[in-house]
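J.: when you get a sec, could you give me coordinates for this:
(2 chains)
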Amino acid sequence: MANHNISRRTLLTGTAAAGALSLTGLPARAEVNWKKYAGTKLEVILAKGPRGDNLQKNIKEFTELTGIQVESEQIPEQQQRQKVVIELTSGRPSFDVVHLSYHVQKRQFEKAGWLADMTPFMKDPALTAPDLVESDFSAAGLQYAKNDKGQMLSLPWSVDYFILYYNKELFQKKGVAVPKTFDEMVAAAEKLTDAKDGTYGFVGRGLRNANMTLWTNFFLNYGGEFLDAKGNILTDGPEAIAATKLYQTLLTKVAPPGVAGFNWMESMASFTQGRSAMWIDGVGWAPPLEDPAASRVVGKVGYTVVPAGPKGQYSATYGDGIGIAAASKNKEAAYLLCQWVVSKKQGARLLQAGGGVPFRNSILNDAEVQSGVKMPKEWLQSVIDSAKISKLGLPVVIPVAEFRDLVGAALTSTLSGADPATELKKAHEQYRPILERSEKA
Amino acid sequence: MSALTQSAPAAAQSDAAPEKELRPPSYWPFVVPALVVVLAIIIFPWVFTIWMSLNEWKVGAPTTFVGISNYLRLTSDPRFLEAVGHTMVYTVLSVVLPLILGTLSAVVFHQKFAGRGFLRGIFIMPMMATPVAIALVWTMMFHPQLGVLNYLLSLVGIPAQLWVFHPATVIPSLVLVETWQWTPLVMLIVLGGLAAIPTEPYESAQIDGASFWQVFRFITLPLIMPFLFIAGMIRMIDAVKSFDIIFAITQGGPGSASETINIYLYSVAFTYYDLGYGSAIAVVFFLLIVALAAVMLYARQRMLWTEIARGA
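T.: Have a look, this model is predicted:
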């Protein structure tokens, strides 16, 4: 009876299972023994947000499936990162499963050896459902999850692409076309700006550190690379200077006053009030923009990919993963949970609510999943298009926070008129020794 | 002889007995609990912090002893030096403004008028609020496009300001919040001082025909000086280590325009996980506070001496 239940659930959970099965050539009789670790208790530490909500809301299904009890807590992102690092350093973390931000923590976690290797689990048909295969994850996801030895240290959970949000009503009123390149974007923003009226062409993060996630979209599209083959940081070269000039132009000439202190929250406030015509930020903000209780631009928002630069068109990509603490005593049970977290059913729910984008292509490209998406079709299209031009949005180094702080402060200074080249050079003189120290250790 | 030898210990014994009774009982065991607590929660963390500051101590990496190189790094770290400057400006402004406004409001609330108790109660309400909560409210009020402050300014024809969103105005704007919250504390302390002043000097001043300003300058102010001193001391300690309001409103931004030592220390230790360098900053910060406190105490001491000299 129990067996029958499970196989039906597996069938429901993964419609692509059969397809993946025939592709991978795994024996069809291999079946995960979900109940093997029944009675185990797992602790999970999550960063607060739609991913954590999606897990907590449906965790009962996992317990029904496996008999594993799960205790989870959500902590605001910044504090969660600190808590996790401090506990892992102590060698006896209070959690088995950890939610991590790849773009900040990947290298730090790898170097410290805090995560358990999942590679053997993934090869074990008694532990891994046949539809969960490495090749199903997007390239960015695998780049994030694997270390240089090719071991999977976590499962890629949710990806964050940067996209261009625009206000269709304002565009129509001024007769402006949706920009396809940076030059067009600047020209459009100039036309859309009407300072007397209090509307501006562009809004985005100006606050130090937070602003790096916007700036890297410009940097990548000007042909920038973060590191050279020897691991030297390159973000003070001509590409970086060009990107910073664009950043400076947009945020000083066509953006609302005070943007130097804006994080995503203030930017979103300006956009949802119809005071700014364009906004480049993470793909996850569609739900609040389309919420009539919080937004004045419901139904008027256009979604598209970040415009192209002279050297290419990329979407700066960030992401979350779920991993197992190396110190955990319940690694197999924890692995079952991680697998469930990135399962098709959970991923589909996340995408359909607009709370995140799964790294798994089988979910993103599934017509049935797509038809259930509650956000506008354009939003989904911008996600699919961004996936094709995705590129990691921050250098994979340990001192990411210092990098964001120092270069971010240089960017903010250019907003009060400082010269981009001088500021970037200054930031790099401060950053280089920090990076060298961390890589030597 | 044998009697002597026998009696000697006896004598010694009989000598010792009264001596034992006379010897003051030793109290040192009673000090031990306090000593243990002080060692464990004050001395040990301090020694350990100093030890950490002498090491390259990064979370997730092995530690190595590096001597004073963390301290040498401080001297050429522009972010730290700027942070020291920001801390000074922030502290001076957030001590002086509440002192002036608090004294003025205390003088007002010392007068007898209808509804005084009720208004006093309203006046001290900011002090009771949680700093982080009021910081978030102020952040929205400061918003240059949507905030209520710029709307109020527009009513009287003053152009919109950037408040905490511009490097030049961020510290004064933060001080505005700090002043708004802590002026009531100064007022309470000074009110206490005013209540303790005898009425005779005022009566004689009235007979001599002194003006309101003269009365304030030559009678009230000198008599409440010790209270102002205490208020200033409390404000200074609070302002130097201020964290919540700055962190919740600007996180040290825009750029690093409002980054005080405390905010920088927090970033270094808990965002960059550089505990060795963070500890070095903590040690220097501590020395700075000790130096400030010493100056204040010296000034107070001097003031007492001059008072005594004047009295004599």
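J.: please count neighbours and contacts with C-alpha atoms only from this point.
T.: OK.
J.: residues from the stretch 1-150 of chain B in reach of chain A?
T.: Proximity of the stretch 1-150 of chain B to chain A (C-alpha under 8 Å from any C-alpha of the partner chain) is limited to residues B:Val59, B:Gly60, B:Ala61, B:Pro62, B:His143, B:Pro144, B:Gln145, B:Leu146.
J.: which of those residues lies closest to A:Asn209?
T.: Ranked by distance to A:Asn209 (C-alpha to C-alpha), the residues of the stretch 1-150 of chain B next to chain A are led by B:His143 at 19.5 Å.
J.: relative to the whole chain's centre, how far out is the longest helix belonging to chain B?
T.: Assignment by DSSP state H gives helix B:275-311 as the longest helix of chain B. Averaging C-alpha positions (C-alpha atoms, centre = their mean, to the nearest Å) puts helix B:275-311 11 Å from its chain's average.
J.: now A:Tyr200: phi and psi?
T.: Taking degrees, to the nearest 10, you get phi -130, psi 160 for the backbone angles of A:Tyr200.
J.: what's the nearest residue to it if we skip its chain neighbours?
T.: Nearest residue to A:Tyr200, sequence neighbours excluded (C-alpha to C-alpha, 6 or more residues apart in numbering or on different chains): A:Thr193, at 4.1 Å.
J.: counting neighbours, what do you get for the one you found?
T.: For A:Thr193, the count of nearby residues is 23 (other C-alpha atoms under 10 Å in any protein chain shown).
J.: can you check A:Thr422 too?
T.: Neighbours of A:Thr422 using other C-alpha under 10 Å come to 14.
J.: at the contact with chain B, which residues of the stretch 51-200 of chain A appear?
T.: By the rule C-alpha under 8 Å from any C-alpha, the part of the stretch 51-200 of chain A lying against chain B is A:Gln82, A:Val85, A:Ile86, A:Thr89, A:Gln108, A:Lys111, A:Ala112, A:Gly198.
J.: could I get these as TSV with pLDDT and secondary structure?
T.: Formatted as TSV, those follow (pLDDT from 0 to 100; DSSP: H, G, I helix; E, B strand; the rest coil):
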residue	pLDDT	secondary structure
A:Gln82	89	helix
A:Val85	91	helix
A:Ile86	89	helix
A:Thr89	87	helix
A:Gln108	88	helix
A:Lys111	87	helix
A:Ala112	88	helix
A:Gly198	87	coil
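J.: now list the buried members of the residues you listed.
T.: Buried subset of these (neighbour count, 16 or more other C-alpha atoms under 10 Å in any protein chain shown): A:Gln82, A:Val85, A:Ile86, A:Gln108.
J.: now, which of those sits nearest chain B?
T.: Among those, A:Gln82 lies closest to chain B (C-alpha to the nearest C-alpha), at 6.4 Å.
J.: which residue, neighbours along the chain excluded, lies closest to that closest one?
T.: The shortest distance from A:Gln82 to any non-neighbouring residue, by C-alpha to C-alpha, 6+ apart, is to B:Phe270 (6.4 Å).
J.: what's the neighbour count on the one you found?
T.: B:Phe270 has 20 neighbours, counted by other C-alpha under 10 Å.
J.: one more: A:Lys41?
T.: Other residues within reach of A:Lys41 by the criterion other C-alpha under 10 Å amount to 15.
J.: domains for the chain, by residue range?
T.: Here I'm looking at chain A. Using automatic domain parsing, the domains assigned to chain A come out as A:2-159+A:318-382, A:161-316+A:392-440.
J.: to clarify, I was referring to chain B.
T.: Structurally, chain B divides into domains by automatic domain parsing as follows: B:21-69, B:71-311.
J.: hey, which of those domains is tucked in deepest?
T.: Compared across those, domain B:71-311 shows the largest average neighbour count, a mean of 17 (mean count of other C-alpha atoms under 10 Å in any protein chain shown).
J.: chain center to that one: distance?
T.: 10 Å.
J.: A:Gly201 - that's part of a strand, no?
T.: Yes: judged by DSSP: H, G, I helix; E, B strand; the rest coil, A:Gly201 forms part of a strand.
J.: ok, and the closest residue to it other than its chain neighbours, which helix or strand is that part of?
T.: Closest residue to A:Gly201 in three dimensions, ignoring its sequence neighbours and counting by C-alpha to C-alpha, 6+ apart: A:Ala189, at 3.9 Å. Assessed by DSSP states H and E, A:Ala189 sits inside helix A:182-192.
J.: return the list of helices and strands in contact with that helix.
T.: helix A:168-174, strand A:200-203, helix A:238-253, strand A:276-282 (3 or more C-alpha pairs under 8 Å, 6 or more residues apart in numbering or on different chains; DSSP states H and E).
J.: what helices and strands are in contact with the helix or strand just after the second one?
T.: Meaning strand A:200-203. Sequence-wise, the next helix or strand downstream of strand A:200-203 (DSSP H and E) is helix A:212-221. On a contact count with 3+ C-alpha pairs under 8 Å, 6+ apart, helix A:212-221 meets helix A:238-253, strand A:315-324, helix A:400-414.
J.: close to chain A: what parts of the stretch 151-300 of chain B are there?
T.: For the stretch 151-300 of chain B, the residues in contact with chain A (C-alpha under 8 Å from any C-alpha) are B:Leu162, B:Val164, B:Phe165, B:His166, B:Thr250, B:Gly253, B:Pro254, B:Gly255, B:Ser256, B:Phe270, B:Thr271, B:Tyr272.
J.: what about 10 Å?
T.: Counting by C-alpha under 10 Å from any C-alpha of the partner chain, the stretch 151-300 of chain B comes close to chain A at B:160-168, B:170, B:249-257, B:267-274.
J.: which ones among these map onto helices?
T.: Members of those lying in helices (criterion: DSSP H): B:Val170, B:Ile249.
J.: low-confidence ranges in the stretch 51-200 of chain B?
T.: Within the stretch 51-200 of chain B, not a single segment meets pLDDT under 70.
J.: so where do the helices sit in it?
T.: B:69-75, B:78-110, B:116-123, B:125-128, B:131-142, B:148-155, B:170-196, B:200-208 (DSSP state H, counting those that start in this stretch).
J.: and the helix ranked longest in chain A with helix B:78-110, angle?
T.: Ranked by residue count and defined by DSSP H, the top helix of chain A is helix A:420-440. For helix A:420-440 against helix B:78-110, the angle by axes from the mean of the first three to the mean of the last three C-alpha atoms, to 10 degrees is 110 degrees.
J.: any buried residues in helix A:420-440, and which?
T.: Residues A:Pro420, A:Ala421, A:Glu423, A:Leu424, A:Lys425, A:Ala427, A:His428, A:Gln430, A:Tyr431, A:Leu435 are the ones in helix A:420-440 that count as buried (16+ other C-alpha under 10 Å).
J.: gap between the fourth one and chain B?
T.: Using C-alpha to the nearest C-alpha, to the nearest Å, A:Leu424 is found at 13 Å from chain B.
J.: likewise the third one?
T.: Going from A:Glu423 to chain B by C-alpha to the nearest C-alpha gives 12 Å.
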